[in-house]
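A.B. asks: Can you look at this prediction? I've put the sequence above it.
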Amino acid sequence: MNRMLYPIGIQSFSTIRERGYVYVDKTDYIWKLTTSGQFFFLSRPRRFGKSLLLSTIEELFLGHRDLFEGLDISHKDYDWQTYPVLHLDFTGNDYMIPGSVEAVLNENLRIWEQRYEVRNIENSIGERFRKVIKAANEKTGLQVVILIDEYDKPLLETVDHPELQEKFRNQLRAFYGNLKSQDRYIRFAMLTGVTKFGHLSIFSDLNNLQDISMVEEFAGICGITDEELHRYFEPGVALLGEKRGYSTEEAYDKLRLNYDGYSFSPLGGPDIYNPFSVLNSLQAGWIRDFWFQTGTPTFLVKLIKSRQIELQRLGHTQIPLQAGENVSFDPRSSLYTGLIPKRLSDNQGLRPGDRPPYPRVPEPRGGTWLPAESYEPVPPDRQRLGIQHRKILRGCARRPSRGVHDQDAKPVRRLQSGWIQLAQS
C-alpha cells in the first residue's frame, strides 16, 4: 500500500497537485460558479478549505491547465484564458494593532500598481483599488478576477474593541465598494469568511454579491462528503482501523461519529466532514479533537468571556434570523461561525423534550439552523451543546468531556443531531 500524502496546512493548489498530495476534486463546483455568475460570497468555519478553494480558482483563471489534468473541469467546456487576478489574503496578521488593515491593503495595492503600471496614485485606498482594477483591464484587454480570503478577519479580531473595529469597517467598506462600482471591468469576484457582517454595512453596499453559503447546489464545495471520504481516503481509513484494532467499516463509523457534523443547506444536501480533523486523524492514526487546537474562533471565546454567557443556556436560545448577520452586538448569533447544522429531516412540529425517531430533527421552515441540545433526554453528565462536536464549549470551559466515549456513541449521536431553527421575525 502506497503511503498517502495528506495536505495538512497546505493551502496552495499548485503545491498539492505538483507534489502528489491527496486532492478532493472540487472543480465541478468551481466550473458551476465560474459559468453561472459573477460575484459570490461563501461562509465556512475556520480550517475548512476556503483558502485552498480560492487558490484553485486563481490557478484556473491564470490558465494553468496542466494542474487540472484528470480533474472534473478538464472534461468541461472551459476557455482556459489567462485573466489578471487580484488575490487578497487577510490571514496571518495581527489586527489588534491600529493601522494594520491599512498596511495590508497598501502592500497589496503597491504590488498591483507596479504590475499594471498605475500612475498618479491617489491617497485614498478605495480610489487606488478602483484605478488598479481599471488598469488591469486596460493592460490585458481582459476583465479582472478578484479573490478576497477571510475578508472579515480584521472585524472578528476587534469584536471587543468597537472603536478600532469601526475604523476598520470604514476602510474595508470603501475598498470592497469597488466590487460593485467597477463591475464592468470584473470577470469574477469571490469573498470568503466565517460570518456575514450585514448590519455593519459592508454587505449593504455589496448587494450584487450572491451568498452561496447555504445553497444546496454548493453545499459540498468545501469539506469532505461521505462519498468523497470513501472515494479518496479508503486506504487511509483502512490503515487507521488496522492501527486501532477495528475493521475498515468501524473506522468509517468512528470518523463519522466524531467529524461528520455539518450540513450547509436547509433543504438537505450532503453531510460534510470537517476536513482538518479528518486529515489529521488519518495522518496521526487516531481520533481526537484536532480542530479545536487551531480552528477555534477566538472572537467567540472573547464574547463568551466578556459577556459572562452561561454556556448551559445557549442550547435553549432562539435568535432572530437578522441577528446572525451582526456578530458585534449579539454574541449568541456569533455561534454560526463555529457551528454549522447537522443533517435535517422530514419531521415537523417537534420541540425539545419530544422523542422523534432517532436521529431526526424538525424540518426547516425557511430559516437558518443552529445547534441545540438533544431532542431526547440526555443525562446531566453528558449534556453538551452540540457545536463542533462539543469542541468549542468544552474548550472554553476547560474541563474534560465526561461520558463522551466510544461506548457512549448512541447518546452522543443523539446530542450531535439536535438543532434549533432561528426565527425569521
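C.D. replies: That came through fine.
A.B. asks: CA-only coordinates of the helix or strand containing Ile30 in CSV, if you can.
C.D. replies: Applying DSSP states H and E as the criterion places Ile30 in helix 27-36. Extracted in CSV, the C-alpha atoms of helix 27-36 (Å, rounded to 0.1, in the frame of the first residue of the first chain):
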residue,chain,number,x,y,z
THR,A,27,-13.5,21.6,-9.7
ASP,A,28,-17.1,20.7,-10.8
TYR,A,29,-18.4,23.2,-8.2
ILE,A,30,-15.8,25.8,-9.4
TRP,A,31,-16.9,25.3,-13.0
LYS,A,32,-20.5,25.9,-12.0
LEU,A,33,-19.5,29.0,-10.1
THR,A,34,-17.5,30.5,-12.9
THR,A,35,-20.1,29.8,-15.6
SER,A,36,-23.2,30.8,-13.7
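A.B. asks: Can you spell out which helices and strands pack onto it?
C.D. replies: If contacts are counted by 3 or more C-beta pairs under 8 Å, 6 or more residues apart in numbering; DSSP states H and E, helix 27-36 sits against helix 50-61, strand 186-193. C-beta coordinates here come from the backbone N, C-alpha and C atoms, glycine included.
A.B. asks: Can you add mean pLDDT, distance to Ser43 and mean neighbour count and give those back as CSV?
C.D. replies: Shown next, in CSV, are those (pLDDT from 0 to 100; distance: least, C-beta to C-beta, whole Å; neighbours: other C-beta atoms under 10 Å):
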stretch, mean pLDDT, distance to Ser43, mean neighbour count
helix 50-61, 98, 9, 23
strand 186-193, 95, 6, 23
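A.B. asks: contacting residues around the helix holding Ile30?
C.D. replies: Helix 27-36 is contacted from outside by 40, 53, 56-57, 60-61, 68, 71-74, 76, 78, 188, 190, 212, 217-218, 220-221, using C-beta atoms under 8 Å, 6 or more residues apart in numbering.
A.B. asks: and with 7 Å instead?
C.D. replies: 40, 56-57, 60, 68, 71-73, 76, 78, 188, 217-218, 221 (C-beta atoms under 7 Å, 6 or more residues apart in numbering).
A.B. asks: Let me know the next secondary structure element after it.
C.D. replies: Assigned by DSSP H and E, the successor of helix 27-36 is strand 39-43.
A.B. asks: Also compute the angle for that following strand relative to strand 186-193, please.
C.D. replies: Relative orientation of strand 39-43 versus strand 186-193 (axes from the mean of the first three to the mean of the last three C-alpha atoms, to 10 degrees): 10 degrees.
A.B. asks: Hey, what's the angle from strand 39-43 to helix 50-61? Just curious.
C.D. replies: Angular relation of strand 39-43 and helix 50-61 on a 0 to 180 degree scale: 150 degrees, by the same axes, to 10 degrees.
A.B. asks: So what are the sheet partners of strand 39-43 and their directions?
C.D. replies: Neighbouring strands of strand 39-43 in its sheet, by DSSP bridges, are strand 186-193 (parallel), strand 210-211 (parallel).
A.B. asks: I'd like the helices and strands packed on helix 27-36 as CSV, with distance to Asp152 appended.
C.D. replies: Converted to CSV, the helices and strands packed on helix 27-36 look like this (distance: least, C-beta to C-beta, whole Å):
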stretch, distance to Asp152
helix 50-61, 11
strand 186-193, 4
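A.B. asks: For Ser277, find the nearest of the ones you listed.
C.D. replies: helix 50-61 (15.5 Å; C-beta to C-beta).
A.B. asks: Could you name the helices and strands sitting against the closest one?
C.D. replies: Contact partners of helix 50-61 among helices and strands, from 3 or more C-beta pairs under 7 Å, 6 or more residues apart in numbering; DSSP states H and E: helix 13-18, helix 27-36, strand 85-89, strand 144-149, strand 186-193.
A.B. asks: okay, those in CSV with distance to Gly285 next?
C.D. replies: Shown next, in CSV, are these (distance: least, C-beta to C-beta, whole Å):
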stretch, distance to Gly285
helix 13-18, 22
helix 27-36, 30
strand 85-89, 32
strand 144-149, 31
strand 186-193, 31
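A.B. asks: closest one to Gln283 among those?
C.D. replies: helix 13-18 (14.6 Å).
A.B. asks: buried sites along that closest one?
C.D. replies: 13, 16-17 (16 or more other C-beta atoms under 10 Å).
A.B. asks: Distance-wise, check the nearest residue to Tyr252 once chain neighbours are set aside relative to Arg130.
C.D. replies: In space, Tyr252 comes closest to Val237 once its chain neighbours are excluded; the distance is 5.9 Å by C-beta to C-beta, 6 or more residues apart in numbering. For Val237, the distance to Arg130 equals 50 Å [C-beta to C-beta, to the nearest Å].
A.B. asks: Look at the two and report which has more neighbours.
C.D. replies: Val237 (22 against 19; other C-beta atoms under 10 Å).
A.B. asks: Please name the residues that touch the more buried one.
C.D. replies: Per C-beta under 7 Å, 6+ apart, neighbours of Val237: 248, 251-252, 255, 282.
A.B. asks: List just the nearest of those residues to Gly126.
C.D. replies: The shortest approach to Gly126 among these belongs to Leu282, at 45.0 Å (C-beta to C-beta).
A.B. asks: got a list of what that closest one touches?
C.D. replies: 6, 233, 236-237, 240.
A.B. asks: now these in TSV, with distance to Asp94 and pLDDT?
C.D. replies: Formatted as TSV, the contacts of Leu282 follow (distance: C-beta to C-beta, whole Å; pLDDT from 0 to 100):
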residue	distance to Asp94	pLDDT
Tyr6	29	96
Phe233	35	97
Gly236	36	96
Val237	38	96
Leu240	37	94
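A.B. asks: Which among these count as buried?
C.D. replies: Buried among these (16+ other C-beta under 10 Å): 6, 233, 236-237, 240.
A.B. asks: In strands only, show me the residues you listed.
C.D. replies: Judged by DSSP state E, strands contain none of the buried ones among the contacts of Leu282.
A.B. asks: mind giving me a markdown table with the contacts of Val237 and columns for secondary structure and distance to Leu164?
C.D. replies: Output for those, formatted as a markdown table (DSSP: H, G, I helix; E, B strand; the rest coil; distance: C-beta to C-beta, whole Å):
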| residue | secondary structure | distance to Leu164 |
| --- | --- | --- |
| Thr248 | helix | 51 |
| Ala251 | helix | 47 |
| Tyr252 | helix | 46 |
| Leu255 | helix | 41 |
| Leu282 | helix | 40 |
